[in-house]
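>>> coordinates only, sequence not included:
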């Protein structure tokens, strides 16, 4: 349940993401930041599962 709360708060800085897209000469939709936050949460969830499977409590870059 904690993941839903974190995901609803957002894991991505909206202005940073939008500025990145803008710097590429593109526009971003209003839903982009929420969708990106969900993708980041999913990646982190899988990384946490992998770390646990390897009997670690620290998530490392290779877990991504």
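Structure received. What you are looking at is a predicted structure, and each value in this text was computed from that prediction instead of being measured.
>>> what's the longest helix in this protein?
Longest helix in the chain, counting residues (DSSP state H): helix 32-53.
>>> Kindly calculate the angle that the helix or strand encompassing residue 17 makes with helix 32-53.
Element membership for residue 17 (DSSP states H and E) is helix 14-23. Helix 14-23 runs at 110 degrees relative to helix 32-53, counting by axes from the mean of the first three to the mean of the last three CA atoms, to 10 degrees.
>>> Spit out the contact partners of the closest residue to residue 50 other than its chain neighbours.
Nearest-residue entry for residue 50: residue 63, 4.5 Å, with adjacent residues in sequence omitted and distances by CB to CB, 6 or more residues apart in numbering. C-beta: built from backbone N, CA, C; applies to glycine. Residues near residue 63 by CB atoms under 8 Å, 6 or more residues apart in numbering: 46-48, 50-51.
>>> any idea which of these is closest to residue 20?
The closest of those to residue 20 turns out to be residue 47 (CB to CB; 21.9 Å).
>>> residue contacts, the most centrally placed residue in the chain?
Nearest to the geometric centre of the chain sits residue 40, at 1.7 Å (CA atoms, centre = their mean). Contact analysis of residue 40 by CB under 8 Å, 6+ apart lists 11-12.
>>> ok, residue 56 - how many residues close by?
By other CB atoms under 10 Å, the residues close to residue 56 number 12.
>>> Could you pull up phi and psi at it?
phi -120, psi 150 (degrees, to the nearest 10).
>>> Nothing else from me, thank you.
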